[in-house]
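1. after the sequence you'll find the predicted model.
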Amino acid sequence: MAKAIMIQGTMSNAGKSLIAAGLCRIFKQDGYRVAPFKSQNMALNSFITEEGLEMGRAQVMQAEAAGIKPSVLMNPILLKPTNDVGSQVIVNGEVLGTMSARDYFRYKKELVPQVKKAYDTLASEYDIIVIEGAGSPAEINLKEEDIVNMGMAKMANAPVLLVGDIDRGGVFAQLLGTISLLEDDEKNMVKGMIINKFRGDKTILDPGVKMLEEKSGIPVVGVAPYLNIQVEDEDSLTERFSGNREADLIDIAVIRIPRISNFTDFNALEVIPGVSLRYVKNVQELKNPDMIILPGTKNTMEDLLWMRQNGLEAAILKQADQGKIIFGVCGGYQMLGQTLSDPEGVEAGGEIKGMGLLPMDTVFKENKTRTRVTGTFREIKGPLSLLSGTELEGYEIHMGTTSLSDGAESLVKISDQVTGTARLDGAYRDNVYGSYVHGIFDKEEVAKKIVEAIGAKKGIDVSEMNSVDFTQFKETQYDLLAQGLREHLDMEKIYKILEAGA
C-alpha cells in the first residue's frame, strides 16, 4: 500500500490545492508513482473523465501535476451547491441526488465505505498518495463523523502538514488556533506546518516562526513564497475574479454570474499576451469589450434573472445589437435562447424568457448529460468565421436539452467519446455563438483564431500576439511550482514525515 501525506489548511483558500499539486510534481520528478486524493470536494468547477464520470477540477489539476490520468477514485464525493443551503451530491462520478446541508450532514457517514474503497484502490496502485483536506479541521460544528479532514487522515494513517495563509494576515493565530481546537490524538497527527503566500524578507519572520514552533511543539517545514503560478482554480474563491480590470489590445469580458461554474474554460484565452480577460459583475465594469462570454452556471434561470435585474442583460443585448461577439458556454448558451422551461423543478421551476439572441428553446430535465467530446467547428459565418473547420475537444456537463428553431445553425459537429455517436451541438446567428462544450477554447488553434478574428474585426495587427499551447503551458507551470516549493520547503524533513507515517 502507498505511503500517504495529507495537506490540511487553517481556512479555505489557504493554498492546500496548490501545495498538494506541487508535492505531486516533486514526488513524480523524484521517480515515484504519485496520485492525489480528496474524499469530499465542494466546488462548481468540475471535469468529466474518459468514462463519462464527474469529479472536481482541483484533483484533475493535481493529477496533471503527477503526470497521470484523472480518475473519480481521486475525488469520490463532489458537492455542487445549488443554493445557499443545498447541493447536488455526486458519488463516484454519478449524481446521487440533491440534499440540504442538514440532510447531507446526517447522511455522509453512509459514504465512508465509498471513500475507503476509492482510497484503498488508489493506494494499491501508487507509491505515494497526496491527500487534500477541505476548509479547516477546526470547524468544531462539523467535526462529528468527519470524512474529509482528520477523519480522512485517520482512515489513511496519514501524517498531516497544516498550511496557513500569511497573505491574509494573522497566520500565527490561524495555525495555533487551529491546533488548539484539535483533540489530542488529532494534534499528534500534525507533523509539520507550512506558512504559505509569504512576500518580503524572511529574516523578519524568523522570530515568529521560532515562537510558533515553541508554542505548538510542531516544526515549521517551510515558508512558501507567494508564487505567481497560473494553474486551474478550484472554486469561486479564485483571485482571478479580482484581477485585471484594464482593457488590453484584445478585451474579453466574462460575465461573473453568482453561480458561475467551470470558469477554467477561459484560462487558455487569458494566457495569450495582449489579451485581457476580465470578470465583470455589473454594467459599470462591462465597459466596451471586443467579446462577451456568458459562462456555465449551476442555476441558469436564477443567474439570468440576476442579470436581468442588475441591467447586465440589457447592456449585453445592446452590445450584441452593435455587432459585438457574444459567446455562451453551457448555461450561458442556454440563456441566449428564446425560452427556458423547467417542468420538473430541476432548477427554479416554471418558465422564463431567454435573452432572445438565438432562435432555440431549452427544457430542463432530471437526466444529466456527462461526456467527453471531440469535433470540429462547422462552416460558420459572422465575425468568428475563421473558426470554420477548426478542431476542438472538451466535455459536457448539463441538465436539459436545447432544440433549435428556424434561423439558427448548429455551431459544431462532435463525436461523443463515451457512446461513440456523432451529433451536432451549439448554435450561431450573426455575431452570437453558443455551445454546450466546456473547454471549447482550450486547443491552441481555437484560441488563436478567435484573437485573429477579433483583430481583423478591429482592423489591428495581431501577428505578434502568439497563441499558447495550453497543455504545454500548464506543464511549465507545474515545473515552476515544484521548483518554487523545493527552494522553500524542507523536503528532507517532509520525506521523513512521509516515511514515519501518522
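-> Okay, I see it.
2. and the gap between residue 290 and residue 321?
-> Distance, residue 290 to residue 321, by Cβ to Cβ, to the nearest Å: 16 Å. All C-beta spots, glycine's among them, are computed from the backbone N, C-alpha and C.
3. quick one: which of those two has more around it?
-> residue 290 (24 against 10; other Cβ atoms under 10 Å).
4. need the pLDDT of the more buried one.
-> pLDDT, residue 290: 97.
5. for it, list the residues it contacts.
-> 250, 251, 252, 324, 325, 454, 457, 458 (Cβ atoms under 8 Å, 6 or more residues apart in numbering).
6. the lengthiest strand in the chain pairs with which strands, parallel or anti?
-> For the chain, the strand with the greatest residue count under DSSP state E is strand 360-377. Applying DSSP bridges to the sheet, strand 360-377 is found paired with strand 339-342 (parallel), strand 391-404 (antiparallel), strand 412-416 (antiparallel).
7. contacts for the shortest one?
-> Put plainly, it is strand 339-342. Here strand 339-342 has contacts from 300-301, 304, 334, 348-354, 361-364, using Cβ under 8 Å, 6+ apart.
8. take the contacts of residue 290 and write them to JSON lines, including secondary structure, pLDDT and distance to residue 173.
-> Shown next, in JSON lines, are these (DSSP: H, G, I helix; E, B strand; the rest coil; pLDDT from 0 to 100; distance: Cβ to Cβ, whole Å):
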{"residue": "250", "secondary structure": "strand", "pLDDT": "95", "distance to residue 173": "44"}
{"residue": "251", "secondary structure": "strand", "pLDDT": "96", "distance to residue 173": "41"}
{"residue": "252", "secondary structure": "strand", "pLDDT": "97", "distance to residue 173": "40"}
{"residue": "324", "secondary structure": "coil", "pLDDT": "97", "distance to residue 173": "48"}
{"residue": "325", "secondary structure": "strand", "pLDDT": "98", "distance to residue 173": "48"}
{"residue": "454", "secondary structure": "helix", "pLDDT": "96", "distance to residue 173": "48"}
{"residue": "457", "secondary structure": "helix", "pLDDT": "94", "distance to residue 173": "53"}
{"residue": "458", "secondary structure": "helix", "pLDDT": "94", "distance to residue 173": "51"}
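9. pull out the buried members of the residues you listed.
-> Buried members of the contacts of residue 290, scored by 16 or more other Cβ atoms under 10 Å, are 250, 251, 252, 324, 325, 454, 457.
10. doesn't residue 331 make contact with residue 303?
-> Yes - with contact defined as Cβ atoms under 8 Å, residue 303 reaches residue 331; the gap is 7.0 Å.
11. the two: which is more packed in?
-> Taking other Cβ under 10 Å, residue 303 and residue 331 do not tie; residue 331 has more neighbours (29 against 24).
12. which residues touch the more buried one?
-> Here residue 331 is in contact with 261, 294, 295, 296, 297, 298, 299, 300, 303, 398 (Cβ under 8 Å, 6+ apart).
13. tell me where the model's unsure across the stretch 151-300 of the chain.
-> 233-245 (pLDDT under 70).
14. which stretches in it count as helices?
-> 171-180, 184-187, 202-216, 267-270, 283-286, 300-310 (DSSP state H, counting those that start in this stretch).
15. tell me which of those is the most buried.
-> Here the criterion is mean neighbour count by mean count of other Cβ atoms under 10 Å, and of the helices of the stretch 151-300 of the chain the winner is helix 267-270, at a mean of 23.
16. packing partners of that helix?
-> For helix 267-270, the elements it packs on are strand 275-280, helix 444-458, judged by 3 or more Cβ pairs under 8 Å, 6 or more residues apart in numbering; DSSP states H and E.
17. tell me the domain ranges of this protein?
-> Following automatic domain parsing, the chain resolves into domains at 3-231+475-500, 250-464.
18. what's around the spatially closest residue to residue 307 that is not a sequence neighbour, how many residues?
-> The shortest distance from residue 307 to any non-neighbouring residue, by Cβ to Cβ, 6 or more residues apart in numbering, is to residue 313 (4.3 Å). Using other Cβ under 10 Å, residue 313 has 21 neighbouring residues.
19. sticking with residue 313, tell me its helix or strand.
-> Using DSSP states H and E, residue 313 sits within helix 312-321.
20. buried residues, the longest strand of the chain. List them.
-> For strand 360-377, burial by neighbour count (16+ other Cβ under 10 Å) applies to 360-364, 368-373, 375, 377.
21. check stretch 136-148 too.
-> So stretch 136-148, judged by 16+ other Cβ under 10 Å, has buried residues 136, 137, 138, 142, 143, 146, 147, 148.
22. can you get me a residue count around the nearest residue to the third one once chain neighbours are set aside?
-> Once its chain neighbours are removed from consideration, residue 138 has its nearest residue in residue 181; the separation is 4.0 Å (Cβ to Cβ, 6+ apart). Residues lying near residue 181 (other Cβ under 10 Å) number 15.
23. no further questions, thank you.
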